[in-house]
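>>> Take a look and give me a structure for this.
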Amino acid sequence: MPLQAIKFKPGIDRSSTSLANEGGWYDGDKIRFRLGYPEKIGGWVKDNGATGSGPTPPSGSFWGVCRSLWNWISLAGRNYLSLGTNLKLYVQDSADGDLYDVTPIRLTTTNAATFAATSGSSVITVTDAGHGAQTGDFVLFSGAVSLGGNVTADVLNQEFEITYVDATSYTITVSVTADGSDTGNGGGAVTAQYEITGGNEYYATAAGFGAGGWGGATTGFTSTGWGLSAAVGVGVQLRLWSQINYGEYLMCNPRGGAIYMWVPSATPSTFYRAQILSSTNTNTQDGTAYWTTDSSCPTVCNIVHVSDQSRFTIAFGCNDYGSATLNPLLVRWSDQEDYTTWAPSATNQAGSFTLSAGSEIIAVTSQRQEILVFTDAAVYSMQYLGPPYVWGFQQLGSNISVAGPKAVITASNTTFWMGEDKFYVYDGRVQTLPCTVWQYVFNNINRDQHYQIHAATNEGFDEVWWFYCSAGSTSIDRYVVFNYSEKAWYYGTLARTAWLDTPLRQTPTAAGYDGQLFYHEQGVDDGSTNPPTAINSYIQSSDFDIGDGYQYSFAWKMLPDFKFDGSTVAAPSVNITLRPRQNPGANYGTSEGGNVVSANSYVTTRQYNVQQFTQELNIRVRGRQMAFRVESDTAGTQWQLGVPRIDIKPDGRR
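Numbering: from 1, shown residues only. Prediction:
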């Protein structure tokens, strides 16, 4: 029997049995397809930038779990990256790489806070009758004086996480242990600035005592106590930020909260807090007035957006004029080129519209000359018409689901999204996106954590990614990818809570757990550790018949075909094996294969045009069907599979 080429169509297919999918790939992790052939994905490195302001996080560079990333350039040419976590809002300046805490201030009290210390303890009790804080909130003090001993003014005049609250007081933990001389109260001129209350890391499905924070949850600035139903506010329990730039300004909104705006300072490395947009007073930073907003500005909304056309600031799911109650289907927009004017009149283009299909606006994205608005039952096209109607709404499809606010992404002028039970695509019309790994994804997904799902692009490889929680997990641990040029699906395991693919930065930026930022498609290893460790990548084919599958065959030689371009070690290698099976229902027999080692040193020569490696592997594999597997678990190795061949001869029927 002549040499048999091992070549499979691109993409992983789990829609049928392994044998029925003969000629395809059946399983894999940390791989992608390019020009029809599988290869290992690129590596990642960790951002080691220090926090520029605020208390030191327990680990990593920022507090909380990041669910939103946004990148833009200021008029001064400074490259900003904004991070919205469940606890804080940060801005990173590329000039120094540091993260600066710009979390909005909810409340400022003056001459009201006093401190009480206990000798031998670092826990300080703060009394401030109107604090309105919850456990886990952050407070910043200034103007305090020494308590008389170890707890000096410098120790107190910092930012702290609140560790316990009651009606009129709360506790913080300082960096020193109080002694018997710490009998003062901090003086009578203390200013306390309370940041907006944070949200949960994940969605709590229960109602009652265990749902949400210990002291209740906050929607906007209204606190609700125990017994809050989980159905009341997905934005209450899982903190999701929407972020978009208005020129060089950043518009941002925690789902279910107010709209805020952050204005870059004229002085590099001087970062001020984001300011609430709905204030009827002049908002100031460094003594400069920036805006005065009319009283009709939304005070609570689910998503804030800025249109590319004519630049309107738009609130999706917000309170109506003269009401403080959030209408989850209401869309409101400011006057053109004016985020301060929201009250409609004959002299402006401010206005509103209430959608009719569904019960809540879930997600929003821009697509060419329109804005796509997703409710829990339909998708709308929002297009600018000009006066007097300003914006028009057309329903593009009904009985359409969307998994969550971050489950929608646009790539190559096409919008893709994950629904509750399938994938969709919009390229001028709404269609179901056929998926060869549908069962693998939707039969092992935590549906209670759909709001954690986030979509991402990796346009350098023509990919759309979705990160999600597997069944039984409340943390993101898996991803699924659609390659829109190859029309191929593949998947893997990776914990990333947010992802941003932007032309303003060299490679995609992603957030992981424990306060870490990562830059992907850099290197070939897992840079979350020091030193970097190997990425374990593999791909396995579906079963294929040897010959016609009627008789047993014996494979005795394999001729590999690989590229190792991009590797960073002297002798990169992969392991390849053949896994025999006697019948479709039988277990795999003893696998045989070996290591394929490159003869080209990618440390010294970097001669990418020299493709030399192990030429032949001697094997002994007998069966009716076989599966082919490639695996790499060595640091510094990058590989791409070509068309290997196996030498086979008949071996009887038994």
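>>> how much space between residue 513 and residue 85?
11 Å (CB to CB, to the nearest Å). In this view, the C-beta of every residue, glycine as well, is placed from N, C-alpha and C.
>>> Which neighbours do those two have in common?
residue 65 (CB atoms under 8 Å, 6 or more residues apart in numbering).
>>> The two - which one has more neighbours?
Each of residue 513 and residue 85 has its neighbours counted (other CB atoms under 10 Å); residue 85 has more, 25 against 15.
>>> That one: what's it in contact with?
Counted by CB under 8 Å, 6+ apart, residue 85 has contacts 62-67, 198, 239.
>>> again with residue 167
When contacts are counted by CB under 8 Å, 6+ apart, residue 167 touches residue 129.
>>> Can I take it that it is in a helix?
No. According to DSSP: H, G, I helix; E, B strand; the rest coil, residue 167 belongs to no helix; its state is coil.
>>> Dihedrals phi and psi, it?
phi -60, psi -40 (degrees, to the nearest 10).
>>> Contact partners for the spatially closest residue to residue 138 that is not a sequence neighbour?
Spatially, and ignoring its direct neighbours in sequence, residue 138 is nearest to residue 195 (4.5 Å; CB to CB, 6 or more residues apart in numbering). Residue 195 is in contact with 88, 103-106, 137-140, counting by CB under 8 Å, 6+ apart.
>>> Against residue 357, how distant is residue 195?
In terms of CB to CB, residue 195 sits 37 Å off from residue 357.
>>> now residue 363
Distance, residue 363 to residue 357, by CB to CB: 14 Å.
>>> the more surrounded of those two?
residue 363 (24 against 16).
>>> so that one makes contact with residue 402?
Yes. Assessed by CB atoms under 8 Å, residue 363 is found in contact with residue 402 at 5.4 Å.
>>> Give me the common contacts of those two.
By CB under 8 Å, 6+ apart, the residues touching both residue 363 and residue 402 are 374, 408, 417.
>>> Out of these, which is nearest to residue 562?
Among the shared contacts of residue 363 and residue 402, residue 417 lies closest to residue 562 (CB to CB), at 36.2 Å.
>>> check contacts around that closest one.
Contacts for residue 417 (CB under 8 Å, 6+ apart) come out as 363, 374, 402-403, 407-409, 423-424, 455.
>>> Using TSV, lay out those together with secondary structure and distance to residue 582.
Formatted as TSV, the contacts of residue 417 follow (DSSP: H, G, I helix; E, B strand; the rest coil; distance: CB to CB, whole Å):
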residue	secondary structure	distance to residue 582
363	strand	50
374	strand	50
402	coil	46
403	coil	42
407	coil	43
408	strand	47
409	strand	45
423	strand	37
424	strand	42
455	strand	43
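>>> Scan these and report the most crowded one.
Neighbour-wise, these (other CB under 10 Å) top out at residue 374, 30 neighbours.
>>> Starting from residue 251, give me the distance back to that residue.
20 Å.
>>> what does residue 446 give?
According to CB to CB, residue 446 stands 31 Å off from residue 251.
>>> for the stretch 351-500 of the chain, which spans come out with low pLDDT?
The stretch 351-500 of the chain contains no residues with pLDDT under 70.
>>> In it, what residue spans correspond to strands?
Remark: strands assigned in the stretch 351-500 of the chain by DSSP state E, counting those that start in this stretch are 351-354, 361-367, 370-375, 378-386, 390-398, 408-411, 414-418, 423-426, 430-432, 454-458, 463-468, 478-483, 488-493, 498-500.
>>> Can you pick out the residue with more neighbours from residue 446 and residue 251?
residue 251 (24 against 21).
>>> wait, that one sits on residue 241?
No. Assessed by CB under 8 Å, residue 251 is found out of contact with residue 241, at 10.7 Å.
>>> what domains does the record give for the chain?
4-41+535-650, 105-195, 405-522 (automatic domain parsing).
>>> Would you work out how far apart the start and end of the longest one are?
From the first residue to the last, domain 4-41+535-650 extends over 13 Å; the measure is CA to CA, to the nearest Å.
>>> can you check stretch 253-265 too?
Terminal-residue distance, stretch 253-265 (CA to CA): 20 Å.
>>> Check stretch 477-492 too.
Start and end residues of stretch 477-492 are separated by 9 Å (CA to CA).
>>> How about stretch 157-176?
Stretch 157-176: ends 13 Å apart by CA to CA.
>>> So what's the gap between it and the chain middle?
Here the centre of stretch 157-176 is set off from its chain's centre by 30 Å, with CA atoms, centre = their mean, to the nearest Å.
>>> list the buried ones in that stretch?
157-162, 165, 169-172, 174 (16 or more other CB atoms under 10 Å).
>>> and those residues, which of them are in helices?
The members of those all map outside helices under DSSP state H.
>>> And for residue 150, nearest residue in space, chain neighbours not counted?
Closest residue to residue 150 apart from its sequence neighbours, by CB to CB, 6+ apart: residue 176 at 4.5 Å.
>>> likewise residue 318?
residue 301 (3.5 Å).
>>> What residues are bridge-paired with that neighbour?
Listed beta-bridge partners, residue 301: residue 257, residue 318 (assigned using DSSP bridges).
>>> how about it, what does it touch?
253, 257-259, 315-319, 326.
>>> Kindly present the residues you listed as TSV, with separate columns for neighbour count.
Listed next are the contacts of residue 301 as TSV, based on neighbours: other CB atoms under 10 Å:
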residue	neighbour count
253	28
257	27
258	23
259	25
315	28
316	30
317	27
318	28
319	21
326	21
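>>> just curious, which of the residues you listed is nearest to residue 466?
Nearest to residue 466 among these is residue 316, at 21.7 Å by CB to CB.
>>> show me what contacts the closest one?
301-305, 331, 361, 364, 373.
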